[in-house]
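K.L.:
dropping the sequence and predicted coords here.
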Amino acid sequence: MQLLDEFDGDPGRPLQAVCLRCDAPRTVAWTAVCSGTPPCIRCDGARLDPDAPHRVYLVLFAHLGDVGVYKVGITHCVTDDRLRVHERSGGVVLDTMQVRDRATALAIERRVLEHYLPAAAVALRPDLLPHGGTTECWSAHAGRPNLSGAAAGRPL
Ligand SMILES: [Zn+2]
């Protein structure tokens, strides 16, 4: 968020501001800035809004397991923070697909996991991946899903 008005010493006066991510304008008082208001109602709202678009993603961790592991997950569409976290853990983001809401993303994730986990679940130390992500991994020998195909209901 960038303030367009100068702070004039009145902490309660609304100031014009703009979001640096999506350019949405807003007015915000200095007191709200100081008390940790979300930087942008639109962006930070969409991050939590289950009806906002979400993404399903596929990451390869080539250094885990015997032959590498795939992980499927979901995230919002506001930032790539979650994907960057996996990359910092040594993952390569192979695919992302945007869908209309969180429930749709979860359904695709579940479909992929139900296909791969029974045959190729891997036991990884939970601290190897952030956010407990090891439960969403399977051994790469079992194959790589086509996310758009999974979303369209085609066989994996
Ligand atoms: Zn924004």
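P.N.:
Perfect, thanks for sending it.
K.L.:
Ala150: neighbour count?
P.N.:
Counted by other Cβ atoms under 10 Å, the residues lying close to Ala150 total 21. In short, each C-beta sits where N, CA and C put it, glycine included.
K.L.:
which SSE is it in?
P.N.:
Assignment of secondary structure by DSSP states H and E places Ala150 within helix 147-151.
K.L.:
check which element follows the helix-or-strand element of the chain with minimal mean pLDDT along the chain.
P.N.:
The helix or strand of the chain with the poorest confidence is helix 41-48; it has a mean of 78 (mean pLDDT, DSSP states H and E). Counting by DSSP H and E, the element after helix 41-48 in chain order, helix or strand, is strand 54-61.
K.L.:
does the following helix or strand past that following strand come close to the ion?
P.N.:
Next helix or strand after strand 54-61 toward the C-terminus (DSSP H and E): strand 69-76. No: legend: contact between strand 69-76 and the ion by Cβ under 5 Å from the ion is lacking; minimum distance shown is 12.5 Å.
K.L.:
ok, and what's touching strand 69-76?
P.N.:
Outside strand 69-76, the residues that touch it by Cβ atoms under 8 Å, 6 or more residues apart in numbering are 46-48, 52-61, 81-83, 86, 91, 94, 102, 105-106, 108-109, 112-113, 116, 122, 124, 129, 133, 136-140, 144-145, 147.
K.L.:
what subset of these is buried?
P.N.:
Applying 16 or more other Cβ atoms under 10 Å to those, the neighbour count classes 46-47, 52-61, 82-83, 86, 91, 102, 105, 108-109, 112-113, 116, 122, 124, 129, 133, 136-140, 145, 147 as buried.
K.L.:
can you tell me the SS state at Glu87?
P.N.:
helix (DSSP: H, G, I helix; E, B strand; the rest coil).
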